[in-house]
Every structure is written in structure tokens, then in C-alpha cells.
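Asker: Below is the structure, and that's it, no one-letter string:
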């Protein structure tokens, strides 16, 4: 069977038309999980001036070259293979192509080149497909590189990788082999390089690289291959324009006569006719997979368990998974394209072209921190706190990321929360508040049976309760992914795997919604919440005791240090208590629902007295810190959870990109009857929106008055609940930062808002918290389309101008006169 690329080429060509408006310093190439994470550094420069890198910044050997046989000229396209070539060879010439820049969407990064003095055009298209309606496909630890060539001159392409992909320790010994193609009636004939450490160290990392697992680089069976010493192999291609199908079987260290593993393909584009002919097109698909089995160890309810990858429930062997992934290319392109197109439309309508690019740039980074496990009917999604400390399943890292999951596929949020719920329900965590993480360092979720995890009790309880109700609301509202639920008609049938006939995956690998198997959204939400109700209630009890006046502790912004009486943290706790009222209402615990609602209402009134400046122009950083201010990003949860909807029932939802103009909520009558008054008053929203307008800096909205640094996730949380004009201002400043920042790592969420927009002495990079950039989109989908609508009052007036320096000075002068009770 030969893979037909016609429709796929057309689909990917669309991505080449819409140029990206932003020029970030780093772009994703092959980003699938914490260990398959390859990026293009110095992305504003030519791609052959630096080697691709792992997310931390260390290089990986990954080279792409083109050769024009008739001129005996070789051109570097990616990496620095030219450093290994002889610039004075009589057998070949080394020249540079014309680089036309990069374009990207949520799943794809395209690099485009032309060859001078010819009509040859080459596009390297890196696809790590985001497939919200196919969890199976999202769980495959593999990405595609499609090389498109066009012209009327023959051209050869070459790619190679080295052992840096499989170990962070350059001293490691590696082994490799070539899987030769076999005749197959079920798929494309393939050949694959398999590279791994000679002695694998399961569940061990070195500089955040996995020290176990196998890299599999796969190509069609008719390509040429060769392994050997780097300089020799690359020069061989430069001289001959092709490889020799030779395998170096002398296993050795990564940089001992550096072994590389290469493929080459020659495209016959020239015509035999003497008359002029139009350029021809051709392409080739390569895949890159990093397979591990097991993927993590997890202290589950049954004890410490070695967890297998989710794909292992569908395929008996990694080879079968690789074959399926390769043959599934057209469907993967179709689903990824559908997601990218819809995201682009929604983001443009919600913000601007800049916002469209920001969320597109963020999407792969979020999922690049995750690892799918479990079974088809009970999937689990594990997450690594990339770069900041490597914690496993960190609650306050999932929290800033969760708008991405609410927009993309709310079920994936449930898969993220499930390991935390299971572990704590099993009694392995001793404290009466939510744990901070499942383990000190990924991939080892060994828990904290001593209760000595990082101390953020109010933060984590509030986070879990807010996400719990948000998840339940998504189930009740049947917030299905707004993306194509169908595979292409030509999609192959998923063969029989180890798991017999899973309920939630169809024959083409697409998700089956719970409503399609006879379960209502209301029932699904009740079941999900009821299972963990004792945890929700225990955590709320802690918040009732401790959140109104928080003791000295950390919040999620732990880099800023310990602080008592944090205004924004207290607000999170109060919203968390109100979330418990919603949880209790869904599961039918009416007494609990009324009690926690009354507590939240009482606390929010007191919070306004404690946390706002005396002139009510802004929120203070802490109750007793006069002359300070803070970004109230936790107000986002109030709007998201429908606590700010008008008290009266509207007749219809109104116009929305997510809901029909006449669509009636499924149970809106009962919800309206039980709807409480707004938790946070309108004037608080207006006050903060005006304040943000006045404290904006060159590159965005600072986190608070202590520093000029900011967190981009919280900027988008805050902007989502500000007026449209203020939202636009913040967005424009962040976009300017993306274009101008001096940071040289994957999208940092922590940066200085002045100067060069660099790292503030703390180096956060490639973190999944950029899922917070989806806050606008999650809010617009919340409450059956009415959450954002309820904030339109903010647009009725222009932002007020405030003399910030004078206001803060006056507040500070009142410090001695202020009394806030016994704090």
C-alpha cells in the first residue's frame, strides 16, 4: 500500500498561505510530551545557524540538507551539517538557500526555502497534531515531518539524528538497529531507525531527559539509509546526493566518533521533454516517535504502579503503533487542520490576529508537558511541571493551564484531575487540605505520605474546587469539543488490540461521547463529583477556616516568596467555597449548597473591607500592605463558574459562536430558580479593569507592585474579565513582547515588562501554564455562552485615568489609621 498524499498536501498548503504575524524567539518543531520535545532556537534567524534544541536549551543532533545533483551543490536547511562538510571539496559545493521564514498554527510549523538560480522550492512541515476528538491519536508519542519539494530540477533531501535524542548524558553508550521494510498488505512499507541507551535506566532523568525509551525515526521503505560517523556520513551524501544503505554496527557513545542515523530521498522533478514544462511537486513523510513502556510510576489506590502508555491498550507492539501512525497521516492532518482552523477563527473573533498567533503558539507547549496513560475507557493524563522544578501533577500548574483544556476537550481536564483524586481518596496523603503535587519529580508520582509537599494549602484547595466545578459544568452543558467528530472516510480501521472493544473509542480511533452511550451530561457530572465528594467537602472545610485571612504561606507565584493576608489568594479561597456550593447543588446536597453559599457571601463582603484600597481604586497586594496593588487574576474563576450572571433568567442565549441564537439551556429554568446573587460585585470588575489600564508597562501588566515582572498566564486571566479596550491593550503589549523579547527559550510565562523583556533572574520556559492564554476562549464557552456576555457592562465607558503614584501614596499615608481587625 502506498500512502496517497494528495488531500494532505492540499490541507497543509493552506497553512502556508496565512503568514504568522508574530515572530517568537523559539518555535516548536517536534513537541509531543516531556521527552519528545524538539524546538527551533533563534527562530528569527536562518535555521542552519544553530542546532535544534531540547526545551531546556541543550542542542540535539538533527540535520536536514538538500542537494541539487546537476550542480553538485549541497544546501543546509536545518541544524549545522555544513560544519562537517569540506568547503573546498572538488566533489561538491556548499551553498546557502534563500530562507523565506516560518509560519505556524496550533499543530504545524513550516519552514520554507528556495534554491537560488533554480525554481526549486522546499518546505519542511513539522506536524505534532492536536486532535481533540481523538484521544487515541493525541496519545501517540509521535510527530510528522513532511518535506514538500516543487520545481523542474531534480533534488535530493537528507535528514539525520544523533544519540542526543535518547539521553541527557553525553557520555551515555547507545545501541541502534535498522528495521528493514517487509511486504505489508495493511499499510505502507516502512523502514525505521531504532536508537536507545545501551543500558536503560527506567524512571531516571538526566537534565530532564528520559534515560529509558527508544527513538524511532521512520520513512518509506524505498528511501536510502546509512548510519556511521557524522562527518563521513554527511560528506557521503554531499558527494553522491544519496546514501549507500550501509549500517555501522559498532555500538558506542553518543560522541565517540559520533554515530548518526540518516535517510535520503531523490525527487525526479525534471522533465525528459525538451520543451518547457511547469514545475512538478512531490513530498515525503518522516515520523519521529519516542516509545516508553512503562511511562511513569504512580502511587495509585492499589499501590505504587508502573503505568503503561495509553497507546499500549490499542496496539500489541510499538511497531504496530508506528505503522498505524504513519498510515494515519491524512486523517491526522485533517483533524489537526480542523482544530487549527477553528481555533484561529475563535481567537481572531475573541481578540485579534496577534491573539490568534499567541494561542496557536501555546497549544503544543501545553500538551508537550503531558503523558497519556490508563486504558481506553479510563484514560489518565499525567503532567510534568516543566522547567520550574519538575514536580509531578502540580495542582497550581494544572490550574493556569486549565482554560486550554476547557476549550479544547474538557474530558482531558478530568483525566488530569483523576490521579490527584484517586491518590488522596486512597488515604495516602495525611493533610486536611489538597496536596500540591503527586511527586517531587516527574516521572515518579510516589506521593507525599509525610505531608511535606510544598506548602500552598489555600491555593491548592481553591484550585481543585474551581476546576472541579468547571469540569462538572462542562459535563452538564455537554460542552463537546467544537471540532470535527469524524475521521476521513478513507481512515483505516483500528485493529484488535489488547483491550477488547472499548466503549469510548470507535473503529476509526475517534472518541465516543458519553451522551452517545446513553448517559446525560447531568448524570455524568453527578457521578464524577459524587465519587470524590468527601474530598471536595474536606478541602472546603479548610477554606472556611483559613481562606478569609490567609496565614503566612505561598501562593502559586511561589517565586515571589511567602506572604500573609494575600488579597488575591483570599479571593481564590472564597470563590472556591462558592464553587463547593455549586458542587453540592449538582449532587443534591442542598443543605451543604446553602451553607457554603452563605459563607462565601459573608466572606466576600469582609474581603472587600480588608483587601481594597481606602479610595476603592484597586486591590491591595495584602490586607495590611498599604500603598501596594495586585492583579486580581483569581476573579476570572468567578466569571467562569457563572457566579456573575444576571439574577434574572433571559429568554434566550443570544448570538454566540458556540451556541445558536435561539438555543435554550437544557435545565436553565432550574438553574435560574436556584441562582444566587452575584458573588463579586460589578464595581470590583470595573475597578480592576480601570487599574490595569493605568499600570500597564511596555510589555504587559506586572503581577503586582513588588516587581516589574509578569506572568503571561495571569495577564490573560485578568484581561478576560476586563473591558474590551483594556483587553486589547494588554494583548498588544504581550504581542510586542513576543516579537521583541530577549528570552531564548520556548514561550516563557515569566518575564520583565520593561527593558529587553528578558528573564527576571528566574528561568521559566516551555511550561504548560501557557494554557492560561486560552482564558478568553474558555470564558466565552462557559455558562452556555453567557459568562462573557455578563461582563459587557465593562464596555459602556472608557477606562478611567488614575494618578497611580498619588493614589498609592495616599493609601500608604493612611496605614497608621487603618484597622482591619486582628490580622
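Answerer: Perfect, I can see it now. All figures in this text were calculated on a predicted structure; none of them were measured in a lab.

Asker: In contact with the residue nearest to residue 737 when sequence neighbours are not counted, which residues?
Answerer: In space, and not counting its chain neighbours, residue 737 is closest to residue 699: 3.8 Å by C-beta to C-beta, 6 or more residues apart in numbering. For glycine as for every other residue, the C-beta is placed from the backbone atoms N, C-alpha and C. For residue 699, the contact set (C-beta atoms under 8 Å, 6 or more residues apart in numbering) comprises 710, 733, 734, 736, 737, 740, 741, 751, 752, 753, 754, 757.

Asker: Can you name the next helix or strand after the helix or strand that the second one is a member of?
Answerer: When secondary structure is defined using DSSP states H and E, the element that contains residue 733 is helix 724-740. Helices and strands here follow DSSP H and E; after helix 724-740, the next one along the chain is strand 750-752.

Asker: That following strand pairs with which strands?
Answerer: Strand 750-752 pairs in its sheet with strand 709-711 (antiparallel), by DSSP bridges.

Asker: quick one, the helix or strand following the strand it pairs with and helix 724-740 angle?
Answerer: Next in sequence after strand 709-711, counting helices and strands by DSSP H and E, comes helix 712-720. Here helix 712-720 runs at an angle of 160 degrees relative to helix 724-740 (axes from the mean of the first three to the mean of the last three C-alpha atoms, to 10 degrees).

Asker: Which residues does helix 712-720 contact?
Answerer: Contacts of helix 712-720 (C-beta under 8 Å, 6+ apart): 400-401, 403, 631-636, 639, 688, 692, 700-701, 703, 726-727, 730-731, 734, 747-751, 769-776, 779.

Asker: So how do I select the buried members of those residues in PyMOL?
Answerer: Filtering the contacts of helix 712-720 down to the buried ones (16 or more other C-beta atoms under 10 Å) takes a single PyMOL command:
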select buried, resi 400+401+403+631+632+633+634+635+636+639+688+692+700+701+703+726+727+730+731+734+747+748+749+750+751+769+770+771+772+773+774+775+776+779
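
Asker: mind listing which of the contacts of helix 712-720 are in helices?
Answerer: Here DSSP state H is the test, and the contacts of helix 712-720 give 400-401, 403, 635-636, 639, 688, 692, 726-727, 730-731, 734, 775-776, 779 as lying in helices.

Asker: For those residues, name the two members farthest from one another.
Answerer: Spatially, the most separated pair among these is 401 and 726, at 23.6 Å (C-beta to C-beta).

Asker: quick one: the strands in the stretch 51-200 of the chain?
Answerer: 53-54, 62-68, 73-78, 93-94, 98-104, 108-114, 121-127, 142-151, 155-162, 173-179, 190-197 (DSSP state E, counting those that start in this stretch).

Asker: May I see those arranged in TSV, with distance to residue 520, mean neighbour count and mean pLDDT as well?
Answerer: Below are the strands of the stretch 51-200 of the chain laid out as TSV (distance: least, C-beta to C-beta, whole Å; neighbours: other C-beta atoms under 10 Å; pLDDT from 0 to 100):
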stretch	distance to residue 520	mean neighbour count	mean pLDDT
strand 53-54	45	22	98
strand 62-68	49	24	98
strand 73-78	50	24	98
strand 93-94	65	16	96
strand 98-104	39	18	97
strand 108-114	37	22	97
strand 121-127	36	23	98
strand 142-151	36	23	98
strand 155-162	49	25	98
strand 173-179	48	17	97
strand 190-197	44	23	98
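
Asker: how close does the residue nearest to the spatial centre of the chain get to residue 105?
Answerer: Per C-alpha atoms, centre = their mean, the C-alpha nearest to the average position across the chain is that of residue 366, at 1.2 Å. Between residue 366 and residue 105 the computed distance is 15 Å (C-beta to C-beta, to the nearest Å).

Asker: and if you look at residue 532?
Answerer: Taking C-beta to C-beta, one finds residue 532 at 37 Å from residue 105.

Asker: who's more crowded, the two?
Answerer: Remark: of residue 532 and residue 105, residue 105 carries more neighbours, 26 against 21, as counted by other C-beta atoms under 10 Å.

Asker: Count the residues that sit near the closest residue in space to the more buried one that isn't next to it in sequence.
Answerer: Closest residue to residue 105 apart from its sequence neighbours, by C-beta to C-beta, 6+ apart: residue 340 at 4.0 Å. By other C-beta under 10 Å, 24 other residues sit near residue 340.

Asker: Which strands or helices does the helix or strand containing residue 340 pack on?
Answerer: Taking DSSP H and E as the definition, residue 340 sits inside helix 329-350. In terms of contacts (3 or more C-beta pairs under 8 Å, 6 or more residues apart in numbering; DSSP states H and E), helix 329-350 is packed against helix 6-17, strand 121-127, helix 135-139, helix 353-367, helix 775-781.

Asker: The same query, at a cut-off of 6 Å, please.
Answerer: With contacts taken as 3 or more C-beta pairs under 6 Å, 6 or more residues apart in numbering; DSSP states H and E, helix 329-350 sits against helix 6-17, helix 353-367, helix 775-781.

Asker: next structured bit after the helix or strand that contains residue 373?
Answerer: Element membership for residue 373, per DSSP H and E: strand 370-375. Next helix or strand after strand 370-375 toward the C-terminus (DSSP H and E): strand 378-383.

Asker: quick revisit: how close does the residue nearest to residue 737 get to residue 409?
Answerer: Residue 699 sits 32 Å away from residue 409 when distances are taken as C-beta to C-beta.

Asker: Wait, a strand at residue 44?
Answerer: No: counting by DSSP: H, G, I helix; E, B strand; the rest coil, one finds residue 44 to be coil, located in no strand.

Asker: and it, what is it in contact with?
Answerer: Residue 44 makes contact with residue 23, according to C-beta atoms under 6 Å, 6 or more residues apart in numbering.

Asker: switch the cut-off to 7 Å
Answerer: Contact analysis of residue 44 by C-beta atoms under 7 Å, 6 or more residues apart in numbering lists 23, 25.

Asker: What pLDDT is listed against it?
Answerer: At residue 44, the pLDDT value in this model is 96.

Asker: how about it, phi and psi?
Answerer: Reported as degrees, to the nearest 10, the phi and psi values for residue 44 are phi -90, psi 0.

Asker: before we move on, what about residue 281?
Answerer: Dihedral angles (degrees, to the nearest 10) for residue 281: phi -120, psi 150.

Asker: Give me the neighbour count for it.
Answerer: Neighbours of residue 281 (other C-beta under 10 Å): 15.

Asker: Need the nearest residue in space to it, chain neighbours excluded.
Answerer: Excluding the flanking residues, the one nearest residue 281 by C-beta to C-beta, 6+ apart is residue 150, at 4.8 Å.

Asker: Return the distance of residue 148 relative to residue 124.
Answerer: 8 Å.

Asker: what comes up buried for stretch 533-542?
Answerer: Neighbour-count burial for stretch 533-542 flags 535, 536, 537, 538, 539, 540, 541, 542 (criterion: 16+ other C-beta under 10 Å).

Asker: burial measure for residue 451, as a count.
Answerer: Considering only other C-beta under 10 Å, residue 451 is surrounded by 13 other residues.

Asker: do residue 200 as well
Answerer: Using other C-beta under 10 Å, residue 200 is surrounded by 16 other residues.

Asker: Let me see the confidence value for the residue nearest to it when sequence neighbours are not counted.
Answerer: Using C-beta to C-beta, 6+ apart and skipping the chain neighbours, the partner closest in space to residue 200 is residue 212 (4.0 Å). Listed pLDDT for residue 212 reads 98.

Asker: And residue 20, by the same measure?
Answerer: Residue 20 is given a pLDDT of 81.

Asker: so which strand or helix has it?
Answerer: Residue 20 belongs to no helix or strand, assigned by DSSP H and E.
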